[in-house]
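Asker: build me a model:
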Amino acid sequence: MGLFDFFSKKKKEQLNEGLEMTKKSVFSKITKAIAGKSKVDDEVLDNLEEILVTSDVGVTTTLKIIERIEARVARDKYLGADELNSILKEEIAALLSENDSDSISGFDFPKMEVPYVIMVVGVNGVGKTTTIGKLAYQFKMAGKSVLLGAADTFRAAAVDQLTIWSERVDVPLISQGMGADPASVAYDTLKSAVANKADVVIIDTAGRLHNKINLMNELTKIKNVMKKIIPEAPQEILLILDASTGQNAIEQAKQFTAATEVNALALTKLDGTAKGGVVIGISDQFKIPVKYIGIGEKKEDLQLFDKFEFVDSLFSQE
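Answerer: The predicted structure is shown next:
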């Protein structure tokens, strides 16, 4: 798996623990849905549809899943209700694999003469700063030199939080404090990164959801200023979403993908929610790879998103 091999040993165990609340919620509902049933019939499918929607998989993706199971019932003629978990696992994995051929897709840094720039976007409170800190830690552990840029200057707390994380993971930070021009911070960060031959730059941006035009203008200004230093920058625009907000996370994804060229997603706080099904919906609905999932508060609690491993863990009864 390359860059993140050293995190693989505990990955499955952490994933199972992180999805515990969602698993319990889904399984309890499915158990009730098939109680007294010997086969998957229309009533079971109706109940399953409700379970998936209320688990924040989303209506669009839920209907796709139900259609696949209906087709399978029609083809196989008889499917036992006790098979429903394994059927769900297989059909959801198949659905997700159609959207993206890669099972796992992290940031694979090409050999470049300039730093690799990741601009991070997302609303306040979704775990944006924490995710930046965790990413910086993982990149550093993988032998990369990392530089952070505190371009979320709208809130003093944002700068302070990123400062704490930079100290915690021992990665340098460029900051001008609250009220500074975000584009100026980004410019200085990239200038320093080039001078010091950094491998990776992670730029934080303001997390307020203003209207789409203002959001687009601000992010565009930051990107244009960075291109003056590194024409390819930013190579990645990473949108952070809070899985515990369920359908609101999908709405935020719509807003940000409309405002800027998001090409990577990360979902946080999966360990504290029963709404983990939203990962399936987001992975299906947006043609943008979910690259990372957050399953805890510690600096090690960020995983590359493996769609097949995720679905297997979600529907395993261990």
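Asker: and Val171, that's in a strand?
Answerer: No - per DSSP: H, G, I helix; E, B strand; the rest coil, Val171 lies outside any strand segment and is coil.
Asker: that one contacts Ala136, correct?
Answerer: Yes - the pair Val171 / Ala136 is scored as a contact, 4.6 Å apart, by CB atoms under 8 Å. Where you see a C-beta, it was placed from the backbone N, CA and C, and this is true even at glycine.
Asker: name the SS class of the residue nearest the centre of the chain, please.
Answerer: For the chain, Ala266 is the residue whose C-alpha lies nearest the centre (CA atoms, centre = their mean; 1.8 Å). Following three-state DSSP, Ala266 is assigned to strand.
Asker: for the residue nearest to it when sequence neighbours are not counted, give me its contacts.
Answerer: Using CB to CB, 6 or more residues apart in numbering and skipping residues adjacent in sequence, the residue nearest Ala266 is Tyr292, 3.9 Å away. Tyr292 is in contact with 106, 131, 135, 265-267, 302-305, counting by CB atoms under 8 Å, 6 or more residues apart in numbering.
Asker: test my guess that Leu79 contacts Val40.
Answerer: Yes - using CB under 8 Å, Leu79 is in contact with Val40, at 4.4 Å.
Asker: looking at the two, which one has more neighbours?
Answerer: Val40 (24 against 17; other CB atoms under 10 Å).
Asker: any idea how far Val73 is from the more buried one?
Answerer: 6 Å (CB to CB, to the nearest Å).
Asker: what is in contact with these two at once?
Answerer: Any residue near both Val40 and Val73 by CB under 8 Å, 6+ apart counts here, and that gives Leu79.
Asker: tell me who's in contact with the residue nearest to the centre of the chain.
Answerer: Contacts of Ala266 by CB under 8 Å, 6+ apart are 131, 238-241, 290-294, 302.
Asker: closest to Phe256 out of those residues?
Answerer: Leu239 (5.0 Å; CB to CB).
Asker: using the three-state scheme, assign the closest one.
Answerer: Going by three-state DSSP: Leu239 is strand.
Asker: likewise Gln303?
Answerer: Per three-state DSSP, Gln303 ends up strand.
Asker: next: Phe107.
Answerer: Applying three-state DSSP: Phe107 is coil.
Asker: nearest residue to it in space, please, no chain neighbours.
Answerer: Glu236 (6.3 Å).
Asker: test my guess that the one you found contacts Val262.
Answerer: No - assessed by CB under 8 Å, Glu236 is found out of contact with Val262, at 9.3 Å.
Asker: re the thing from before, neighbours of the residue nearest to Phe107, just the number please.
Answerer: 18.
Asker: ok, now Glu309?
Answerer: Neighbours of Glu309 (other CB under 10 Å): 17.
Asker: any idea which element it lies in?
Answerer: helix 307-315 (DSSP states H and E).
Asker: can you check Asn124 too?
Answerer: Asn124 belongs to no helix or strand when elements are defined using DSSP H and E.
Asker: re the thing from before, identify the contacts common to Leu79 and Val40.
Answerer: 73, 87.
Asker: find residues that contact each of Val171 and Ala136.
Answerer: 146, 148.
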